[in-house]
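Engineer: Sharing a model prediction with you, sequence too.
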Amino acid sequence: MYNRYIPPPKGSQPAVPTASVQLNSNYNKPPSTLSNDESERATVAAQSRKLLFDDNDFPATSHKPNRDIDELLTGTVTSEKELKETPKAPQKTENDSRGHKEKALGELPGEPKQKKQKRGDNQEQGVESAPKREKKKAKKPKNDGIEDGEDEVRKRHRTVFEKVQKAVQAKPDASQIAEEESGPEEEEEVHDLAPIPQPDPVVFDESKITYDSLPPWLSSPIRVTRETRCSFADLGIAPKSASLLQSKGFQDAFAVQAVAIPMLTPVVDRQGDVVISAPTGSGKTLSYVLPMVRDISQGLITRMRGIIIVPTRDLVPQVHATCEACASAFAVDKRKRVKVGTAVGSHSLEKERKQIMKEEQKYDPAGYDKYMARQRRLVSLDSSDDEEDDPSGDNPDDGTRPLPYHVVVKSPDVDILICTPGRLVEHIKKTKGFTLDYVRWLVVDEADKLLAQDYQQWLGVVMEKLSTTKLSYRDFPNSNKTGPRKVILSATMTRDLSLLNGLKLSRPRLVVLEGTKSGEHLLPSSLKEYAIKVRDPGLKPLYLVDLLAHITPITPQAPHHSKSRKKAKSVSESESSSSDADSLSDSDSSSSSDSDSSSSSDSDSSDTEQHGKKQLQKSFQTTVLIFTKSNEAALRLSRLLSILTPEFAPLIGTLTSSTKTSKRTHILGDFARGKLRILVASDLVSRGIDLANLDHVVNYDLPTNETSYVHRVGRTARAGKEGHAWTLYEHAQGRRFWRDFVGQGEGAATDIVRSRKVERLQIGSADLTKENDDKQLPVPFEEGRIKAYEDALEQLGKEARG
Ligand SMILES: Nc1ncnc2c1ncn2[C@@H]1O[C@H](COP(=O)(O)OP(=O)(O)OP(=O)(O)O)[C@@H](O)[C@H]1O
């Protein structure tokens, strides 16, 4: 910061008298006690004083001092001659501002020269000043003849004295000027001009966003208790539609639906955009599909009015099914009024265009003439000319020919499009007539994932398309507002404003379930979590086999297992063991042994196999989803499990991102139908997938972060049903698991909020028991099992080598 001169307010006492008091106080001090500055000041002041006040220095009859004083007080000279005699102030030429100030203050005779001498700036001038003083003294006798008597002189002296006193009080004296002009403080010279104010230096704010800096809509969300339930009729859904929803399994609205549906129902004074952060399986899909389909079902013309973006292809059919359920709930005369399409990239772009685009003949004679002219040119000219003429690249000969005086207009043939972001961008850029002009609903599901990975810059492309509004195209019926309505959802909603800002939300509101703050991830209350320490990572697959034995209600017949399975059941504290399982295990055992035994004929063998598989499926009532860290790990583990537990092999499926989409759909279908009971998967299916009645999730490999943990374990315990999540962790991973995912131990910090504690279990010699560190068991597998495991690894290696 700089020192600024602040002029005193008008009418206030000037600051100068203070300085004069200081100066005066030095008069009485012996010179030896004064500092250099002070003694300088005292000398100048004494000279002034002597010049002004000391009667003894001047004869009573002398007029010279009086005249000097007059000049001093008025700063003027009265004749040309005197003007010449008056020493010129050298400062004026040297420094305008200083000269100006001295003039304003009243220049002391000879003062500038003394100052120059002191500073050594102008020695010559200082030398010259002495003869001038002599000259002045020599002039004194000239005035001697004008005496009017002693009294008059004294009277005049007193008057002058009083004037000088006033002047001294009102103005800084010469010694102060000397002090200001000399030495290092020269730059702080007092003058009337204030320095030009400079802007403060820019300080970059590098602070991170905290809870305090969140906007009110994020820091003060709308909260709803988990237990909230209400009928769809109470939410304003027509009774007929409500009963149709009931027939589809949607009896009552879940908590998040009870809040979101009224918020999203278009009303006259439409509310802003809606952001929903609610646990996995809490019914977020229906919460936006229902109001959206209801709104769009009121339109008579098919226009693409809604877009739902999801991060993976596998989620598209699932959302499609919910949309179709709602479309039939709002059908009129059993005719659905909402057309739902998908764009996922599993087909060629052209094939997809045929599914989601339509062509219409529109009367347009001018357009038709243009078309015909193009056709003629196409015949007569070479194709390069045609390409120039048609920047879209579409061959005019392609597609439907227009009727006379008509043109063919292409446009989306869906009311709602469910898509992945990459495919949406492809259509926007490459499909003629694919317009977002009518879109008034934009849903971004699994928003944190979609925003964190900006696939093909989808966000910028889509936002740009939505920013244009043609007259009334995006209007909601009976609403005073226009423009797209945005619904943003996730079980692990980001509070990163830099990401959310990209969505250009308008007056957003956040909905969360009671008991969470924004940024926290609530687990389903019906979820039970368990943690199992793997004491020997080299034998980890055997831990999994024992865990499966524990959670499945059947007893495989493999000799190295039978003993441990029996024990597992007898000691089991698990919920999934049942007496049914015991009885079924026998039949299963027999059927399996049938399949194992050599058969008399191939058909017999195949029949027995089929029979055995069916029995197995029947008996294997539970379902398990096992997560690994990568595609490769999933494939390897899946095969290893089949070798280690051949009786389970027909029930095991594998899902990775390298699996073909059609095969993925097939596997998910088989799992839903109960043909498969165990799925080994990469994180591909950790988000959003709604696997019907999934009982168990196993984290065979630890998830990479807490968000991934929430989504993985959230594949079970959905829609209020019970579910179990099992996590296997190795010694080296224990600290991270308990600290980051559970929130226990040193430096514990987790955003995961759960209703019950995570239970520690250990795989004992044959069963799962509560872990007790005082009584840690040695590696719990018999020699025979370890040998079988080694053989299985060898077989796997051989298969891998081909
Ligand atoms: N009102 C309802 N009544 C009964 N079942 C419902 C209701 N709403 C949703 N469900 C069912 O609950 C399950 C979970 O719903 P949904 O897939 O919408 O959850 P989600 O909150 O989107 O979960 P995720 O965050 O994992 O994607 C689905 O099987 C769905 O059919």
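Structural biologist: Perfect, thanks for sending it. Only a predicted model underlies this, so the values are computations on that prediction, with no experimental measurement involved.
Engineer: Packing partners of the longest helix along the chain?
Structural biologist: The residue-count maximum for a helix in the chain (DSSP state H) belongs to helix 150-170. On a contact count with 3 or more C-beta pairs under 8 Å, 6 or more residues apart in numbering; DSSP states H and E, helix 150-170 meets helix 16-27, helix 36-53, helix 64-74. Where you see a C-beta, it was placed from the backbone N, CA and C, and this is true even at glycine.
Engineer: Pick out the shakiest of the ones you listed, pLDDT-wise.
Structural biologist: Among the helices and strands packed on helix 150-170, helix 16-27 carries the lowest mean pLDDT, a mean of 35.
Engineer: what about Gly747, how many residues close to it?
Structural biologist: 7 (other C-beta atoms under 10 Å).
Engineer: Show the pLDDT at it.
Structural biologist: pLDDT, Gly747: 81.
Engineer: Can you tell me, leaving aside adjacent residues, what's nearest to it?
Structural biologist: Arg739 (5.8 Å; C-beta to C-beta, 6 or more residues apart in numbering).
Engineer: That neighbour should be in a helix, yeah?
Structural biologist: Yes. Assessed by DSSP: H, G, I helix; E, B strand; the rest coil, Arg739 belongs to a helix.
Engineer: what residues are up against it?
Structural biologist: 745-750 (C-beta atoms under 8 Å, 6 or more residues apart in numbering).
Engineer: Which of those are buried, as a ChimeraX select command?
Structural biologist: The command below creates a ChimeraX selection of those among the contacts of Arg739 that count as buried (16 or more other C-beta atoms under 10 Å):
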select :750
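Engineer: What ranges does the stretch 201-350 of the chain have for its strands?
Structural biologist: For the stretch 201-350 of the chain, the strands defined by DSSP state E, counting those that start in this stretch occupy 222-224, 274-277, 306-309, 340-343.
Engineer: Which residues does the second one contact?
Structural biologist: Strand 274-277 has contacts (C-beta under 8 Å, 6+ apart) with 217, 221, 256, 260, 263-264, 284, 287-288, 447, 486-493, 500, 505, 508-512, 516, 518.
Engineer: if you set the cut-off to 6 Å instead, what comes out?
Structural biologist: The contact list for strand 274-277 (C-beta atoms under 6 Å, 6 or more residues apart in numbering) reads 260, 263, 284, 487-489, 493, 508-512.
Engineer: ditto for the third one
Structural biologist: Strand 306-309 is contacted by residues 292, 296, 319, 416-418, 421, 439, 441-444 when judged by C-beta under 6 Å, 6+ apart.
Engineer: Near the ligand, which residues of the stretch 601-750 of the chain are found?
Structural biologist: Listed as neighbours of the ligand in the stretch 601-750 of the chain under the rule C-beta under 6 Å from any ligand atom: 688, 690, 714, 718-719.
Engineer: try 8 Å this time
Structural biologist: 687-690, 692, 711, 714-715, 718-719 (C-beta under 8 Å from any ligand atom).
Engineer: Which members of these are classed as buried?
Structural biologist: 687-690, 711, 714-715, 718.
Engineer: TSV for these, including secondary structure?
Structural biologist: As requested, these are exported to TSV (three-state DSSP):
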residue	secondary structure
Arg687	coil
Gly688	coil
Ile689	coil
Asp690	coil
His711	helix
Gly714	coil
Arg715	coil
Arg718	coil
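Engineer: Nearest to Arg335 among the residues you listed?
Structural biologist: Asp690 (27.9 Å; C-beta to C-beta).
Engineer: Enumerate every residue touching that closest one.
Structural biologist: Counted by C-beta under 6 Å, 6+ apart, Asp690 has contacts Gln318.
Engineer: measure it to Glu632 for me?
Structural biologist: Distance, Asp690 to Glu632, using C-beta to C-beta, to the nearest Å: 26 Å.
Engineer: returning to that earlier point: and the least confident of the residues of the stretch 601-750 of the chain next to the ligand?
Structural biologist: Lowest pLDDT among those: Ala692, 86.
Engineer: unless I'm mixing things up, that residue is touching Phe671, no?
Structural biologist: No. Between Ala692 and Phe671 there is no contact under C-beta atoms under 6 Å: 8.3 Å.
Engineer: Could you check how far Trp458 is from Pro311?
Structural biologist: Applying C-beta to C-beta to Trp458 and Pro311 gives a distance of 11 Å.
Engineer: swap in Ser328?
Structural biologist: For Ser328 relative to Pro311 (C-beta to C-beta), the value is 27 Å.
Engineer: of those two, who's got more company?
Structural biologist: Under the criterion of other C-beta under 10 Å, the comparison of Ser328 against Pro311 puts Pro311 first, with 21 against 18.
Engineer: Just list the residues touching that one, thanks.
Structural biologist: 446, 449-450.
Engineer: again with Ala672
Structural biologist: With C-beta under 6 Å, 6+ apart, Ala672 has these contacts: Ala692.
Engineer: can the contacts of strand 306-309 go into TSV with extra columns for pLDDT, distance to Thr342 and neighbour count?
Structural biologist: Shown next, in TSV, are the contacts of strand 306-309 (pLDDT from 0 to 100; distance: C-beta to C-beta, whole Å; neighbours: other C-beta atoms under 10 Å):
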residue	pLDDT	distance to Thr342	neighbour count
Met292	96	15	26
Ile296	93	16	25
Val319	97	9	24
Ile416	97	10	27
Leu417	98	7	25
Ile418	98	5	27
Pro421	96	13	21
Val439	95	16	22
Trp441	95	16	24
Leu442	97	16	20
Val443	98	14	24
Val444	97	16	26
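Engineer: Distance-wise, check the residue of the stretch 651-800 of the chain found nearest the ligand relative to Ser328.
Structural biologist: Going by C-beta to the nearest ligand atom, the ligand is nearest to Ala719 of the stretch 651-800 of the chain, at 3.3 Å. With the distance defined as C-beta to C-beta, Ala719 ends up 20 Å from Ser328.
Engineer: now Thr628
Structural biologist: Counting by C-beta to C-beta, the gap from Thr628 to Ser328 is 39 Å.
Engineer: And for Lys155?
Structural biologist: 119 Å.
Engineer: Next: Gln621.
Structural biologist: From Gln621 to Ser328 the distance is 31 Å (C-beta to C-beta).
Engineer: so where do the helices sit in the stretch 701-802 of the chain?
Structural biologist: With helices called from DSSP state H, counting those that start in this stretch, the stretch 701-802 of the chain shows them at 706-713, 734-736, 783-801.
Engineer: which sections of the stretch 701-802 of the chain are below the confidence cut-off?
Structural biologist: The model of the stretch 701-802 of the chain has pLDDT under 70 over residues 764-779.
Engineer: try it again with 80
Structural biologist: Residues of the stretch 701-802 of the chain that meet the criterion pLDDT under 80 lie in 763-780, 802.
Engineer: what's the answer for the stretch 151-300 of the chain, then?
Structural biologist: 151-153, 157, 160-161, 163-195, 197, 199-213, 267-270.
Engineer: got the residues of it near the ligand?
Structural biologist: 245, 249-254, 256-257, 278-287.
Engineer: which among those residues end up buried?
Structural biologist: 245, 250, 252-254, 256-257, 278-287.
Engineer: Of the strands of the stretch 201-350 of the chain, which is nearest Pro404?
Structural biologist: strand 340-343 (31.3 Å).
Engineer: partner strands of the closest one, parallel or antiparallel?
Structural biologist: Strand pairing for strand 340-343, using DSSP bridges, gives strand 416-419 (parallel).
Engineer: Tell me if the partner strand is near the ligand.
Structural biologist: No. If you take C-beta under 8 Å from any ligand atom as the test, strand 416-419 misses the ligand, and the best it gets is 13.5 Å.
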